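# generate a structure from the sequence data that follows.
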Amino acid sequence: MFSHTTIPSSPELVKLLRVYFQLDEVLSFATFELQDDGIVAEISQFKDRVRKVIEKLIS
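Numbering: from 1, shown residues only. I've put the predicted structure just below:
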């Protein structure tokens with residue numbers, strides 16, 4: 001995914017990565033336990049926005 005590039009290390013990037021992976025856990029919970037498509041869609045959209053910010057920080 002990142003091959004041999006150097007990824008900048010910053011407190012913001014670390015925090016965003018933590019949030020991203022926490023959202024992954026929340027999304028799994030919402031998908032399998034709550035089974036609420038509306039909530040799953042909202043969490044998924046927010047997770048995608050966080051991913052885009054992370055991509056900008058590392059590019």
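# got the contact list for the residue most central in space within the chain?
Nearest to the geometric centre of the chain sits Y20, at 2.7 Å (CA atoms, centre = their mean). Residues near Y20 by CB atoms under 8 Å, 6 or more residues apart in numbering: K47, V50, R51, I54. For glycine as for every other residue, the C-beta is placed from the backbone atoms N, C-alpha and C.
# which helix or strand contains the second one?
Remark: V50 resides in helix 37-58, with elements defined by DSSP states H and E.
# which residues does that helix contact?
Outside helix 37-58, the residues that touch it by CB under 8 Å, 6+ apart are 2, 7-8, 10, 12-13, 16-17, 19-20, 23-24, 26-27, 30-31, 34.
# give the closest residue to D36 in space, chain neighbours not counted.
Using CB to CB, 6 or more residues apart in numbering and skipping the chain neighbours, the partner closest in space to D36 is A30 (6.4 Å).
# relative to D48, how far out is that neighbour?
Counting by CB to CB, to the nearest Å, the gap from A30 to D48 is 15 Å.
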